[in-house]
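Participant: predicted model and sequence below, questions to follow.
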Amino acid sequence: MEYGAPTAKPVIVAIDGPSGTGKSSTSKAVAAQLGLSYLDTGAQYRAITWWMVTNGIDLEDPTAIAAVAGKPEIISGTDPAAPTITVDGVDVAGPIRTQEVTSKVSAVSAVPEVRTRITELQRSLAVGTENGIVVEGRDIGTTVLPDADLKIFLTASPEARAARRSGELKGADVNATREALIKRDAADSSRKTSPLAKAGDAVEVDTTELTLAQVIECVVTLVEEKRAGK
Ligand SMILES: Nc1ncnc2c1ncn2[C@@H]1O[C@H](COP(=O)(O)OP(=O)(O)OP(=O)(O)O)[C@@H](O)[C@H]1O
Ligand SMILES: Nc1ccn([C@@H]2O[C@H](COP(=O)(O)O)[C@@H](O)[C@H]2O)c(=O)n1
């Protein structure tokens, strides 16, 4: 017979929401604080988009996108202190954040063959963690990990989100940023396969009037309550 503290079951946390609601910042901090892994699924869709742009694939042709969806090897590092992303061995953490990739990612992520491929990667990473993982994206609670222990859906007004993003992209026009966010959310919400949506059993947190520290505290509390069986 073995003695000692029982090992906690790995916890799986899904955090979804529109662009700029704070998913990445919150998920990274919560994972770091609780000793969990962290997966940025948007980075994976950006990475496959970067590969398609780099290889001259016609992004207005879903058939052309589908035909090559299985080609690039995408590897995500899940340490919240230093998340990484490579495509065919190349570090693409910087290139996937360009305006070009941001404006094209919704067209690529709407293609069912791309989603099947990336969803498989996400599930294999989520089941392999020792303590658990925080996975953030658009369809994690609804499709990728429907049995997640905790699902959070972050929201914020378009104005708050645009102000946050403009602060990040020094000198960016707030109105143009707001319009771009709204356009990307509309594309992500209206696609047929696995659209951006709140899972029926997700906890919605409106972050418009909250500081990042308050959102992190709120999510950490929800995870701890879930672990304690409350
Ligand atoms: N509650 C908050 N208050 C103020 N700023 C915030 C808050 N949450 C996040 N931010 C800031 O807003 C910006 C966008 O946050 P973040 O990248 O985490 O959002 P996101 O939902 O992951 O966006 P995307 O889906 O576009 O990747 C960052 O600069 C972040 O520091
Ligand atoms: N689960 C997900 C995550 C992301 N996407 C697509 O990727 C784009 C980029 O996401 P960011 O979080 O890095 O801004 C996003 O606009 C979606 O098109 C997705 O489809 N599903």
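Facilitator: Thanks, I have the structure now. Ligands and ions are numbered 1, 2, ... in the order given.
Participant: return the distance of the helix or strand of the chain with the lowest mean pLDDT from the chain's centre.
Facilitator: Sorted by mean pLDDT, DSSP states H and E, the helices and strands of the chain end with helix 158-168, the least confident at a mean of 88. Taking the mean of its C-alpha atoms, helix 158-168 sits 18 Å from the chain's own mean (Cα atoms, centre = their mean, to the nearest Å).
Participant: quick one: contacts for the most centrally placed residue in the chain?
Facilitator: For the chain, the residue nearest the mean C-alpha position is residue 137 (2.7 Å; Cα atoms, centre = their mean). With contact set as Cβ atoms under 8 Å, 6 or more residues apart in numbering, residue 137 has these partners: 15-16, 23, 40-42, 122, 144. From N, CA and C alone the C-beta is placed, and that goes for glycine too.
Participant: that older thread, could you see whether ligand 1 lies near the least confident helix or strand of the chain?
Facilitator: Yes - contact of helix 158-168 with ligand 1 (Cβ under 6 Å from any ligand atom) involves 164-165, 168.
Participant: can you pull out the low-pLDDT segments for the chain?
Facilitator: Along the chain, segments meeting pLDDT under 70 span 1-8, 169-171, 230.
Participant: returning to what we had before: quick check: what element follows the least confident helix or strand of the chain along the chain?
Facilitator: Proceeding N to C from helix 158-168, the next assigned helix or strand is helix 174-190, under DSSP states H and E.
Participant: right, is that next one up against ligand 1?
Facilitator: No - on the criterion Cβ under 6 Å from any ligand atom, helix 174-190 is out of touch with ligand 1, staying 7.6 Å away.
Participant: contact partners of the next helix or strand after that helix?
Facilitator: Following helix 174-190 in sequence order, the next helix or strand is strand 203-206 (DSSP H and E). Strand 203-206 is touched from outside by 150-156, 198, 215, 218-219, 222, with contacts defined as Cβ under 8 Å, 6+ apart.
Participant: what's the farthest-apart pair in those?
Facilitator: Spanning the widest gap among those are 150 and 156, at 19.8 Å by Cβ to Cβ.
Participant: hmm, back to that, which one of the contacts of strand 203-206 has the most neighbours?
Facilitator: For these, the largest number of neighbours (other Cβ atoms under 10 Å) sits with residue 152, at 29 neighbours.
Participant: what's the local residue count around the residue lying closest to residue 64 once chain neighbours are set aside?
Facilitator: Nearest residue to residue 64, sequence neighbours excluded (Cβ to Cβ, 6 or more residues apart in numbering): residue 58, at 4.8 Å. Neighbours of residue 58 under the rule other Cβ under 10 Å: 10.
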